[in-house]
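**Q** sequence and predicted model, in that order:
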Amino acid sequence: MKRILIDGKRFSNQEEFYSEIDRLLTRNLDWKTGHNLDAFADLLCGGFGFHEYGEKLEIIWSDAEKSKSDLGTKFFETLVEIMNETDYDFSCDLKFVDLRIVPYEEKYKLDVFDFTDRCFRDLGKSFEPEGRHSFYNEIENTFDSFWCLLADSKVIGTVALKKIEEATVELKALYLSNDFRGMGLGRRLMETAMSFAKEKGYERVVLDSMSKYKDALRLYENLGFRETERYNDNQYADVFMEKLL
């Protein structure tokens, strides 16, 4: 099952909505899709480069109230009816979720701990907030900045920056819930951190990782990171990367 995120922030009218659906559900077409409800239903069926014909789609719609206002209530409700329809050659699991990236606050601490513990266990690691990960108890004093990605009010992602030299920050704590992968949210977290670093006048962002984390390394490379020399004594890392801003 493939996943897509319909982000209400990316469009403000019906034509822009259809263009966003083209971006999400088509790949390398040499012709233009129709921008109408029938064509929308056809794209949901699949076979246009993103998912196979008849393959089930999980659809997360963020900022749905904004979308309803921008698109018009009747048009929005028709879209929802189509996605929930059972007579078409597709099946959609539609969920409305409020997604926000927010700066860390102390009120998120327990949720961040629970989320990080789940991520570590998924990776076969152990989260040790009273041991080698004790800096999580002092997030606001440890990091230059730390962000939480919230789904409604639940932490589903994190990313942070830590100053290590006058003009260099290190990317830290990039984690994303398995249930929300494959929708560009990891890239959004990274871009939030990169924008902050640039605004603060940093000239370089570095990170360490492990060669077995292929998806993460691919994301870093797509965002312009390139391998560099080891810059710390992290015994678990075997990949070191940098991006010049």
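**A** Now that the structure is in, tell me what you want to look at. For clarity, every value in this text was computed on a predicted model and none was experimentally measured. Residues are numbered from 1 along each chain as shown.
**Q** now do stretch 28-45: distance from first to last residue.
**A** Distance across stretch 28-45, first residue to last, is 17 Å (CA to CA, to the nearest Å).
**Q** please apply the same query to stretch 176-184.
**A** Terminal-residue distance, stretch 176-184 (CA to CA): 11 Å.
**Q** and for stretch 31-46?
**A** Stretch 31-46: ends 16 Å apart by CA to CA.
**Q** any idea how far residue 135 is from the residue nearest to the spatial centre of the chain?
**A** When the chain is reduced to its mean C-alpha position, the nearest residue by CA atoms, centre = their mean turns out to be residue 185, at 0.7 Å. Separation of residue 185 from residue 135 (CB to CB, to the nearest Å): 24 Å. No exception for glycine: its C-beta is placed from N, CA and C like everyone else's.
**Q** likewise for residue 22?
**A** From residue 22 to residue 135 the distance is 44 Å (CB to CB).
**Q** could you do residue 151 as well?
**A** In terms of CB to CB, residue 151 sits 25 Å off from residue 135.
**Q** what's the single longest strand in this protein?
**A** strand 154-165 (DSSP state E).
**Q** mean confidence (pLDDT) on stretch 25-39, please.
**A** For stretch 25-39, mean pLDDT is 96.
**Q** more crowded one of residue 22 and residue 135?
**A** The neighbour comparison of residue 22 against residue 135 (other CB atoms under 10 Å) goes to residue 22, with 17 against 14.
**Q** how about the secondary structure of the residue with the largest distance to the centre of the chain?
**A** Largest separation from the mean C-alpha position in the chain: residue 87, at 31.7 Å (CA atoms, centre = their mean). Assigned state for residue 87: coil (three-state reduction, DSSP: H, G, I helix; E, B strand; the rest coil).
**Q** quick one: mean pLDDT over stretch 141-157.
**A** According to the model, stretch 141-157 has a mean pLDDT of 96.
**Q** for it, buried residues please.
**A** Within stretch 141-157, the residues scored as buried using 16 or more other CB atoms under 10 Å are 143, 144, 145, 146, 147, 148, 149, 150, 151, 155, 156, 157.
**Q** got the phi/psi numbers for the fourth one?
**A** The phi and psi torsions at residue 146 (degrees, to the nearest 10) take the values phi -140, psi 130.
**Q** next one: residue 31
**A** phi -150, psi 160.
**Q** ok, the closest residue in space to residue 222 that isn't next to it in sequence to residue 142 distance?
**A** Spatial nearest neighbour of residue 222, chain neighbours left out: residue 187 (7.6 Å); criterion: CB to CB, 6 or more residues apart in numbering. Remark: distance between residue 187 and residue 142 (CB to CB) = 24 Å.
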